[in-house]
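> Sharing a sequence plus its predicted fold:
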Amino acid sequence: MLSEQGKRNIEQAFQRAARGTVVRTSADVCDIALATDPQPDPRHGQLVLITVSSFAFRLITIFQVRDTPEIRSYYLADTDQRGIDESFHEVANLCCGALNREFSRSFAHLAMSTPYTLDARCISYLAQLQPQLLSHYLITINGSVQLRATLCMCCTAPVDIQLNAAEVEQTGELELF
Amino acid sequence: MSAIPDNAGLHRRTDALAQEVGRLRSLAVALERWHQDMISMMAQNRSMDAEGEDMHAIARQLIMVSLNAAIEGARAGNEARGFVAVAAEVKTLAHRVQTLAGELGKNLQTSSLITTATFQDIQAAGKMMMAAISGLEVQVRDLRLEIG
C-alpha cells in the first residue's frame, strides 16, 4: 500500500518538518539521523504522540522525551514550571502541522489530532498497529540536546505522497545512525 | 438524453440535499460521544497502570519478606523447618505475582498505545468529516445561487 518511494518521501517530509520545528531559533544546528531502533532504554521518559489522518492512512509522529538538564534548559525558560512533555506538545503540534501542510498537496482531506503523552515503554508495542512504515530518528540540536522521534504510518488504501521537487533537493539524504 | 429538470424541481432537490447535509452535521454529536468514551478509556488505562505498578511493588516487598523469613527460620534451626517451608511457598507465590504484574503491565502499555492511536485517529477523522460537510454546505449554497 506504500511504495519504497512513498516511504522515502514521507521520511524526507518529516526530516524537513522536524528541522524547522524542533529548534527554538533558526540559528540552531539540527542534525537528524535514522536510527535502527527507538531509544534503547525506554523505561524512563515519556512519549508525545500526535496523528495526522486521511481516509487512506494515519501517520503517528512520536517524540521520545526525557527530562534531562540539556533538554530542559533548551526548551524551557528557568521560570517555566511545565513538564517537558507539555512543552513538547507545542513542538509536536508544529511538526505535525508542517507535515499536514506537506501532505495536503497529495490529499484533499487531512486533519490532525491533539498531542497526548504516554509512558515511554509503550513504544515497544508499535508493531501491534501493523504499520507499513516505522522509522526511528535521533535528533541532535547544537551537538548536545538529543531526542528521539519515530514515524509510524498505517495505511488502509494505496497511498502516494508527492513532494515538492525543489524542497526535496534542499533536504538531502538521511544517513543511517 | 436525460430531461433537464425545471427550476422548481431543482429547488426541491437542492432543499433535500441541504437537509441531508444538515443531518450529516449531527455526526458531530456522535463524534463527541466517541471522544468522551475514549477519554474515559484512557483514564481507566492510566488507573489500571498505576494499580499494576502497585502490584509489582507489593510482589517485590513480599519477596523481601519471604527471604527475611527464610533467613530467620534457618537461624532458628530444626524447629523452624515448617516456617522455612511456608516462607519458600510465599516467595514462590510472590514471584508468580511479579510475573503476572509484569505481563499485566505489558498488556496495559499495549492497550494504552492502541487506545491513544485510535483516540487520535477518531479526533482527526472527526475534523476531516466536519471539513468535508462544510465543503458540501458551500456547494449547496453555490447551487442555490446558481439556480436563483
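Received, thanks. Residues are numbered from 1 along each chain as shown, chains lettered A, B, ... in the order given.
> Okay, helices next: where are they in chain B?
Taking DSSP state H as the test, the helices found in chain B are B:7-25, B:27-76, B:81-147.
> Could you point out the longest strand of chain A?
As far as residue count goes, and with DSSP state E defining each element, the longest strand of chain A is strand A:145-155.
> Find the residue at the geometric middle of chain B.
residue B:115 (3.2 Å; CA atoms, centre = their mean).
> Could you tell me the per-residue confidence at that one?
The model reports residue B:115 with a pLDDT of 93.
> Next: the one 5 residues further on.
What the model reports as pLDDT for residue B:120 is 95.
> That one: what's it in contact with?
For residue B:120, the residues meeting the contact criterion (CB atoms under 8 Å, 6 or more residues apart in numbering or on different chains) are A:49, A:50, A:51, A:53, A:58, A:60, A:113, A:114, A:116. C-beta coordinates here come from the backbone N, C-alpha and C atoms, glycine included.
> coming back round to it: flag every buried residue along the longest strand of chain A.
Within strand A:145-155, the residues that count as buried by 16 or more other CB atoms under 10 Å in any protein chain shown are A:145, A:147, A:148, A:149, A:150, A:151, A:152, A:153, A:154, A:155.
> before we move on, the earlier item: report the buried members of the contacts of residue B:120.
For those, a burial check counting by 16+ other CB under 10 Å picks out A:49, A:50, A:51, A:53, A:58, A:60, A:113, A:116.
> Which ones, among these, also lie beside chain B?
Among these, the residues within reach of chain B (CB under 8 Å from any CB of the partner chain) are A:49, A:50, A:51, A:53, A:58, A:60, A:113, A:116.
> would you list those in CSV and tack on distance to residue B:48?
Compiled in CSV, these are given as follows (distance: CB to CB, whole Å):
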residue, distance to residue B:48
A:49, 19
A:50, 24
A:51, 23
A:53, 27
A:58, 25
A:60, 22
A:113, 23
A:116, 17
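> Residue A:34: which of those is nearest?
Set against residue A:34, the nearest of these by CB to CB is residue A:60 (17.4 Å).
> Tell me the predicted confidence for the residue nearest to residue A:11 when sequence neighbours are not counted.
When the adjacent residues along the chain are set aside, residue A:11 lies closest to residue A:135, with 5.8 Å between them (CB to CB, 6 or more residues apart in numbering or on different chains). Turning to residue A:135, the model gives it a pLDDT of 94.
> what does chain B put close to chain A?
Along chain B, the residues adjacent to chain A under the rule CB under 8 Å from any CB are B:42, B:49, B:105-106, B:109-110, B:112-114, B:116-117, B:119-121, B:123-128, B:131-132.
> Now do the strands in chain A.
Using DSSP E, strands in chain A cover A:30-35, A:46-53, A:57-65, A:111-112, A:116-119, A:133-141, A:145-155.
> closest to residue A:91 among the contacts of residue B:120?
Within the contacts of residue B:120, distances to residue A:91 taken as CB to CB reach their minimum at residue A:50, with 9.6 Å.
> what pLDDT does that closest one get?
Note on residue A:50: pLDDT of 97.
> same check, this time on residue B:144
Model confidence at residue B:144, given as pLDDT, is 89.
> what's near enough to touch it?
The neighbourhood of residue B:144, defined by CB under 8 Å, 6+ apart, consists of B:14, B:18.
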